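1. Whatever this is, show me its structure:
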Amino acid sequence: MPELSERDDEHLRVMLRDTTDHLRLPERLTDTARTGAVRRTRRHRALGAGLGIIAVTMAVTAVAMWPGSDDGPTTAAVGANTSPTPRGTLPDKCLLHVLATPANAQFSSVTGGDPSGRYLLTRSSQGAAKQIRIWNGDSSRVVAMTGEDAELNDVNAAGTAVGSSFVNDSPTAWLYRNGAVQRLAGDSVSAKAINSGNLVVGLRVSGPGLEQPVVWRALDRPAEQLPLPDGALGGRAVDVAEDGTIVGVVHLPGGANQGYVWLPNGEHRQLPPPMVAGRQAAGYWPTSIHGTVIDGTADVAFDQPKRRAMEPVMFDLTTGTFTPYPEHLVEPVGNGRGILAGQGDGGALLSDGRRHVRLDPLATQTGAPTGVPTDAPTAPSLVPTVVFISDDARTLAGRAADANGLTKAVVWRCQ
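-> Numbering: from 1, shown residues only. Just a heads-up that it's a prediction; the model follows:
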């Protein structure tokens, strides 16, 4: 096997971390790099999701579905919010900015942000050296996290952030608050998301290739395991709403994975697979929750055997209904109000299904390739990746390649 460059190793690490949670991969990925075998753990994500297509064989196991009729979702009220989340307004234009990261960094990317877009999280790497930063507007500060493969994953409106690293080869969860970093209690745990009430969710590694969904209900107490449906092998929590609703994925026998929700009143149930373009999806995997609207992806089969596509779909908990996004985007991120960002035809796009705004690539901004108008298709290697979208869709952030092929952390401010 040929050696991977440091930049290739980081690109592979981030690709596995940023594509959709829908396949269970081994807990460690061994990469060949200059320093030898580097131990990594990865989110359970598909290698082929960057193309929007995966080749897998899925086994679907029946478990309790969303309340209502047997053949489809119906009304399912949660909490005190009993009205659907209103649709957002697409901005007219977005301006690209580069976030200042170490000058010698080979790879930098935004890894998360708070719902308003005020706070952003970045990770930069130069060989084995890594730097984590939290941004407040145009200013930033370094966050010193212990362990390998450190990363902050989410931050709330108060600037309190959570993330994970490996300490002595074991997943370890961390909290950043008021300029200090503290370890979250629990063994072999990773923190994925936090809400404004400091409710933290994530996962606990319970064995080789096995994980369990967990929640920290108090920052000074160990994580609690979330309940699972009968027969489930495990799962993970991926996001938490302001009212405490938790969304994630459960792992079922036969290799199937299905979306799941844990409600503040203690109830929990599977999210039903939607119909997309007249096809019954094999499953639905949440990626985020905003209010009572879940953004996620549905696994839809092609006509070819064993070929599937991941289609972006919203699920409204107040009505129990799915809304597929009209425009297919690769590696999509949504704001829960019908606005989606991702990679589309010719470049990165922000879309509400009726029209779209093109997100400029960094190489064009820096003058390369020369003579190419802004609305021209972007070379595939230069298409930016959007990792974060604010609730109002006025702040987007991620990474983009510059004219020298180095990957930079970027933010688009939209009006």
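
2. all contacts plus neighbour counts: C-alpha atoms, from now on.
-> OK.

3. Can you verify my assumption that Gly398 contacts Ser108?
-> No - counting by Cα atoms under 8 Å, Ser108 is not a contact partner of Gly398; they are 9.1 Å apart.

4. These two - which one has more neighbours?
-> Each of Gly398 and Ser108 has its neighbours counted (other Cα atoms under 10 Å); Ser108 has more, 29 against 24.

5. Find the nearest non-adjacent residue to that one, please.
-> Nearest residue to Ser108, sequence neighbours excluded (Cα to Cα, 6 or more residues apart in numbering): Ser124, at 4.1 Å.

6. Helix, strand, or coil at that neighbour?
-> strand (DSSP: H, G, I helix; E, B strand; the rest coil).

7. where exactly do the helices run in the chain?
-> 6-18, 362-365 (DSSP state H).

8. and the ones you listed, which one is worst for confidence?
-> For those, the bottom mean pLDDT is recorded on helix 6-18, which sits at a mean of 47.

9. Give me the below-cutoff pLDDT ranges for the stretch 1-150 of the chain.
-> Applying pLDDT under 70 to the stretch 1-150 of the chain picks out residues 1-86.

10. would you put the C-alpha positions of stretch 395-407 in CSV?
-> Below are the C-alpha coordinates for stretch 395-407, written out as CSV (Å, rounded to 0.1, in the frame of the first residue of the first chain):
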residue,chain,number,x,y,z
THR,A,395,-23.6,32.1,8.2
LEU,A,396,-22.2,29.1,6.5
ALA,A,397,-18.7,27.6,7.2
GLY,A,398,-16.5,24.7,6.2
ARG,A,399,-13.4,24.3,4.1
ALA,A,400,-12.1,25.0,0.6
ALA,A,401,-8.9,24.5,-1.4
ASP,A,402,-6.8,27.5,-2.3
ALA,A,403,-4.8,28.1,-5.4
ASN,A,404,-1.9,26.1,-4.0
GLY,A,405,-4.0,23.1,-3.2
LEU,A,406,-4.0,23.7,0.6
THR,A,407,-7.3,23.4,2.4
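
11. Could you give me the buried positions within that stretch?
-> For stretch 395-407, burial by neighbour count (16 or more other Cα atoms under 10 Å) applies to 395-403, 407.

12. Next, format the residues you listed as a markdown table and append distance to Gly202.
-> Output for those, formatted as a markdown table (distance: Cα to Cα, whole Å):
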| residue | distance to Gly202 |
| --- | --- |
| Thr395 | 25 |
| Leu396 | 24 |
| Ala397 | 22 |
| Gly398 | 22 |
| Arg399 | 24 |
| Ala400 | 28 |
| Ala401 | 30 |
| Asp402 | 33 |
| Ala403 | 37 |
| Thr407 | 28 |
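
13. Flag whichever of those residues scores worst on pLDDT.
-> Ala403 (84).

14. Could you measure from Arg269 over to Ala241?
-> As judged by Cα to Cα, to the nearest Å, Arg269 and Ala241 stand 16 Å apart.

15. isn't Cys94 right up against Pro361?
-> No - in this structure Cys94 lies outside contact range of Pro361 using Cα under 8 Å: 11.3 Å.

16. neighbour count winner among those two?
-> Comparing Cys94 with Pro361 by neighbour count (other Cα under 10 Å), the higher total belongs to Pro361, at 24 against 19.

17. Roughly how far does the more buried one sit from Ala409?
-> For Pro361 relative to Ala409 (Cα to Cα), the value is 12 Å.

18. same deal with Phe166?
-> 23 Å.
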